[in-house]
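Participant: Can you look at this prediction? I've put the sequence above it.
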Amino acid sequence: MERLIEGINAYNAGEFSQAYEILYPLAQYERDDEAQLYVGMMYFYGEGVEQSEEKAMEWWKKAMRSGNQDAAYRLSELKTSTKTTF
């Protein structure tokens, strides 16, 4: 839990490389849904990593499957914003 808070604090401070170093292992190996949400945001906005909407969606789907409501919201927003309306 301390590492998660440390990673989120680094993210919020704009220290994206440090945040990624902390959050990625939590997201990938410990399957922490909050870390997965933040890793997804980093990919979506290209913060400390190469921007990739596809990778962001992958991370948000993992977080959503663990019950993360913020990830579910971001996915639904992304899907509705990419639909064309005429």
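Facilitator: Now that the structure is in, tell me what you want to look at. Residues are numbered from 1 along each chain as shown.
Participant: from what I can see Gly7 touches Leu23, true?
Facilitator: Yes - using C-beta atoms under 8 Å, Gly7 makes contact with Leu23 at a distance of 4.0 Å. Glycine gets a C-beta too; all of them are placed from N, C-alpha and C.
Participant: Quick check: neighbours shared by the two?
Facilitator: Listed contacts common to Gly7 and Leu23 are Ala35, Tyr38; contacts here mean C-beta atoms under 8 Å, 6 or more residues apart in numbering.
Participant: Tell me the secondary structure at Glu50.
Facilitator: coil (DSSP: H, G, I helix; E, B strand; the rest coil).
Participant: Show the contacting residues for it.
Facilitator: Contacts of Glu50 (C-beta under 8 Å, 6+ apart): Tyr43.
Participant: show me what contacts His53?
Facilitator: Careful, residue 53 is Glu; it's not His. Going by C-beta under 8 Å, 6+ apart, Glu53 touches Tyr43, Phe44, Leu78.
Participant: In the residues you listed, which residue is surrounded by the most others?
Facilitator: Tyr43 (23 neighbours; other C-beta atoms under 10 Å).
Participant: which parts of the strand or helix carrying that one are buried?
Facilitator: Assigned by DSSP states H and E, Tyr43 belongs to helix 33-45. Residues of helix 33-45 classed as buried: Asp33, Glu34, Ala35, Gln36, Leu37, Tyr38, Val39, Gly40, Met41, Met42, Tyr43, Phe44 (neighbour count, 16 or more other C-beta atoms under 10 Å).
Participant: No more questions from me, cheers.
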